[in-house]
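> I would like the atomic coordinates for the input below:
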Amino acid sequence: QVQLVESGGGLVQAGGSLRLSCAVSGRTFTSYALGWFRQAPGKEREFVAAISWSGGITYYVGSVKGRFTIYRDNAKNTVYLQMNSLKPEDTAVYYCAADSAPRLRVGVANYWGQGTQVTVSS
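Below you'll find the predicted structure:
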């Protein structure tokens, strides 16, 4: 089993920044690629970013490229999502997930966190 706990969400003005954290426990941290997803009210869950087990390969959805950065600290069993230049359309519940990179990129994962709310005001 793998447990994921997100933190770092909150309310921020447009143009501001937030850093989300996801602490991972259970199975070996480096066994999994890790990803971030988001779900806005009334919308389907959307892939945001993923990072390979080594941290050497990253993937992003087009709408966040150049603004968001995913990285992991394997010594701390934690994955982060640095979000800059936030826009109101980034408002959503953000979820951390663990699985293989190909599965994460199509929105499939065996393990999910409980989510953290990000609200960007205009």
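> The helix or strand harbouring residue 94: how far from the chain's middle?
Secondary structure assigned from DSSP states H and E places residue 94 in strand 92-99. Taking the mean of its C-alpha atoms, strand 92-99 sits 5 Å from the chain's own mean (Cα atoms, centre = their mean, to the nearest Å).
> Is it correct that residue 53 falls within a helix?
No - with DSSP: H, G, I helix; E, B strand; the rest coil as the criterion, residue 53 is assigned coil and is not in a helix.
> Tell me the confidence at the nearest residue to it once chain neighbours are set aside?
Leaving aside its sequence neighbours, residue 53 sits nearest to residue 30 (Cβ to Cβ, 6 or more residues apart in numbering; 5.0 Å). (Each C-beta comes from the backbone N, C-alpha and C, glycine too.) Residue 30 carries a pLDDT score of 72 in this model.
> can you count the residues close to residue 30?
Here the neighbour count serves as a burial measure; for residue 30 (other Cβ atoms under 10 Å) it reads 13.
> helix, strand or coil for it?
Counting by three-state DSSP, the backbone at residue 30 sits in helix.
> Residue 37 - nearest residue in space that isn't next to it in sequence?
Nearest residue to residue 37, sequence neighbours excluded (Cβ to Cβ, 6+ apart): residue 95, at 4.7 Å.
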